[in-house]
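Engineer: please find the sequence and the predicted model below.
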Amino acid sequence: MQSLQTIMTILLPLFIGFCFKVPKGCLKRLEQFLNYLVYAILLLIGMGLAQTENLFQELNNIVFYALFLFVLLMLCNVAALWAFDVYTRQRHVQAAQNVQGKFNFADSAKQIAILILGVILGFRLPENALPPHDAGLYALMMLIFVVGILLRGNGISLKQVILNQYGMQISVVMMLSSALAGAIFAAVLDDVSWSKGLALASGYGWYSLSGIVMTQAYGATWGSVALLNDLLREFFALAFIPLLMRRSAAAAIGVGGATSLDFTLPIIQKSGGLAVVPVAISFGFIVNVAAPLLMVVWVAM
């Protein structure tokens, strides 16, 4: 149910945005407004992370397992997605060219700094001074609404967004490479079964889901492993999407996993431009549907 709600939260404002046709002169202003929304969302996300209950206590207890799984996942994901882009370079050369030279490290550092500022504010501000719990969600919905308007204004159809072949291919490669990482994790550690390893690797960055599912299935320790692993994926994606986008659009989109539909979508849009947004949304749509289904299947085994 939560997965369906997340998907509808993204798709509904996108559909509504596609209903609006604005003059070409307004598109530049909307793009500037989009940049401000990115920073606002990052600030709100940081403040939300600061309110996560017992976050640091959980992280300290399970850091080894989480870091090991995270490293395996990133190595497998980036290697597989990069290889996929090299193999399909001729078919997707336009998408690759569209993202060259549009981002630099200073932009990435600025976004991380804003996120950290949000965390600091979340700890420092009194509870009654914090923004409403759903403020980040509404800001994200506004961003997606504006993206819908901009996509139509730039001649990108709704079909290209939902049924994007490149996005679907990336999702398959990312999920298979994640399964490989989970299998290696289980093979190396004696106290991890193959089903547990695959379940832990199927969170795809959705830490609020994976933490709950793993806690219910395997206890608080493994729930914390899943939580930290998927949090690390989000931070890794935030830091490295701009750098990866210059070399491989597939790797840049795929490393964020399920977060490409919300947390990292603003970064993907900012570093890759509107051309990669349909790919990211199609990819994120599939991964968000697959994550809860696969986790439940592996846990049941």
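Structural biologist: Yep, that arrived. Predicted model, so just to flag it, every value in this text is computed and none were measured.
Engineer: nearest spatial neighbour of residue 17, skipping sequence neighbours?
Structural biologist: Nearest non-adjacent residue to residue 17, counting by C-beta to C-beta, 6 or more residues apart in numbering: residue 148, 2.1 Å away. Yep, even glycine has a C-beta here, placed from its N, CA and C like the rest.
Engineer: regarding that neighbour, what is its secondary structure?
Structural biologist: On the three-state scheme (DSSP: H, G, I helix; E, B strand; the rest coil), residue 148 is labelled helix.
Engineer: so how many other residues sit close to it?
Structural biologist: 25 (other C-beta atoms under 10 Å).
Engineer: my read is that residue 169 contacts residue 85, right?
Structural biologist: No. Between residue 169 and residue 85 there is no contact under C-beta atoms under 8 Å: 10.1 Å.
Engineer: neighbour count winner among these two?
Structural biologist: Per other C-beta under 10 Å, whichever of residue 169 and residue 85 has more neighbours is residue 85, with 23 against 19.
Engineer: what helix or strand does that one sit in?
Structural biologist: helix 63-87 (DSSP states H and E).
Engineer: averaged pLDDT, that helix. What do you get?
Structural biologist: Mean per-residue pLDDT for helix 63-87: 93.
Engineer: state the distance from the residue minimising distance to the centre of the chain to residue 283.
Structural biologist: By C-alpha atoms, centre = their mean, the chain has its centre lying nearest to residue 259, at 1.9 Å. Separation of residue 259 from residue 283 (C-beta to C-beta, to the nearest Å) stands at 11 Å.
Engineer: got it, and residue 192?
Structural biologist: 28 Å.
Engineer: got it, and residue 197?
Structural biologist: 23 Å.
Engineer: for this protein, which residues score under the pLDDT cut-off?
Structural biologist: By pLDDT under 70, the low-scoring segments of the chain are 1-11, 49, 52-61, 89-109, 111, 156-158, 160-162, 208, 220.
Engineer: was I right about residue 223 contacting residue 209?
Structural biologist: No. If you go by C-beta under 8 Å, residue 223 and residue 209 don't touch, sitting 11.0 Å apart.
Engineer: for residue 259, what are its contacts?
Structural biologist: Residue 259 sits next to 205, 206, 233, 234, 237, 265, 284 when contact means C-beta atoms under 8 Å, 6 or more residues apart in numbering.
Engineer: quick check: the third one touching residue 72?
Structural biologist: In this case it means residue 233. No. Under the criterion of C-beta under 8 Å, residue 233 makes no contact with residue 72, lying 11.7 Å away.
Engineer: and these two? Which one has more around it.
Structural biologist: Comparing residue 233 with residue 72 by other C-beta under 10 Å, the one with more neighbours is residue 233, at 27 against 22.
Engineer: now that one: closest residue in space, sequence neighbours ignored.
Structural biologist: In space, and not counting its chain neighbours, residue 233 is closest to residue 205: 4.3 Å by C-beta to C-beta, 6+ apart.
Engineer: how much space between the one you found and residue 174?
Structural biologist: Taking C-beta to C-beta, one finds residue 205 at 10 Å from residue 174.
Engineer: okay, and the common contacts of the two?
Structural biologist: Counting by C-beta under 8 Å, 6+ apart, the shared contacts of residue 205 and residue 174 are residue 257.
Engineer: before we move on, the earlier item: of residue 192 and residue 283, give the one with the bigger neighbour count.
Structural biologist: Counted by other C-beta under 10 Å, residue 192 and residue 283 do not tie: residue 283 has more neighbours, with 30 against 20.
Engineer: could you say which helix or strand holds the more buried one?
Structural biologist: Element membership for residue 283 (DSSP H and E) is helix 277-300.
Engineer: which strands or helices does that helix pack on?
Structural biologist: Packed against helix 277-300 by the contact rule (3 or more C-beta pairs under 8 Å, 6 or more residues apart in numbering; DSSP states H and E) you find helix 2-18, helix 135-153, helix 158-162, helix 165-188, helix 194-200, helix 207-218, helix 249-254, helix 265-272.
Engineer: columns distance to residue 278 on top of the ones you listed, output as TSV?
Structural biologist: Putting the helices and strands packed on helix 277-300 into TSV (distance: least, C-beta to C-beta, whole Å) gives the following:
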stretch	distance to residue 278
helix 2-18	10
helix 135-153	7
helix 158-162	4
helix 165-188	7
helix 194-200	30
helix 207-218	24
helix 249-254	11
helix 265-272	11
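Engineer: most packed of those?
Structural biologist: Most buried of these, by mean neighbour count (mean count of other C-beta atoms under 10 Å): helix 249-254, with a mean of 30.
Engineer: distance between it and the chain's centre?
Structural biologist: Between the centre of helix 249-254 and the centre of its host chain there is 11 Å, according to C-alpha atoms, centre = their mean, to the nearest Å.
Engineer: right, I'll call it a day here.
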